[in-house]
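> return atomic coordinates for the entry below.
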Amino acid sequence: MTPEVRRKADEIAHTEKNNRGRYWIETQAGEAELTYQVGDKGDLIVINSTFVPIDARGGGVALALVKRAIADAMAAGRKVDPVCPYVDRLFDRHPEWRAWRAA
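Model (predicted):
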């Protein structure tokens with residue numbers, strides 16, 4: 001993780017309630033977010049979407065959101081179903097995450 005992405009990861013807020021979760025961070029262009037749902041048994045998160053304002057794209061914000069969500073899922077022993085196309089592509093690029101991908 002680059003220093004810039006690491007700094008962003010430290011600024012990411014998180015909330016989870018009623019089997020729905022959200023990570024977000026303020027950028028100069030507005031709020032960026034990643035949303036997910038928790039599976040019925042609590043051992044899975046389904047990442048539905050990521051959003052970064054246009055003027056904040058390309059700076060590693062979305063990557064920082066995803067890395068934080070994956071790290072938290074791993075720490076909680078949860079698998080990840082990357083429904084969001086961006087997150088799905090990242091799973092292909094990060095073989096170290098394969099064991100955490102829901103089948």
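> how would you label the residue most central in space within the chain: helix, strand or coil?
Central residue of the chain (CA atoms, centre = their mean): Val66, 2.7 Å from the mean position. Under the three-state scheme (DSSP: H, G, I helix; E, B strand; the rest coil), Val66 adopts helix.
> ok, now which ones touch it?
Taking CB atoms under 8 Å, 6 or more residues apart in numbering as the contact definition, Val66 lies against 34, 47, 50, 86-87, 90. C-beta: built from backbone N, CA, C; applies to glycine.
> which residues does Glu16 contact?
Taking CB under 8 Å, 6+ apart, we find Glu16 in contact with 22, 38.
> that's a strand at it, yeah?
Yes. Assessed by three-state DSSP, Glu16 belongs to a strand.
> can you name the residues bridging to it?
Glu16 has the following beta-bridge partners by DSSP bridges: Gly21.
> one step back: of the contacts of Val66, closest to Ala73?
The shortest approach to Ala73 among these belongs to Ile47, at 8.9 Å (CB to CB).
> Serialize the contacts of Val66 to a markdown table and add fields for neighbour count.
Converted to a markdown table, those look like this (neighbours: other CB atoms under 10 Å):
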| residue | neighbour count |
| --- | --- |
| Leu34 | 27 |
| Ile47 | 26 |
| Thr50 | 23 |
| Tyr86 | 17 |
| Val87 | 23 |
| Leu90 | 19 |
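> from those residues, which land in strands?
34, 47, 50 (DSSP state E).
> where do the helices sit along this protein?
Using DSSP state H, the helices of the chain run over residues 3-11, 61-76, 85-93.
> hey, which of those helices is tucked in deepest?
Of all the helices of the chain, helix 61-76 has the most neighbours on average by mean count of other CB atoms under 10 Å, namely a mean of 20.
> what mean pLDDT does it get?
Helix 61-76 shows a mean pLDDT of 96.
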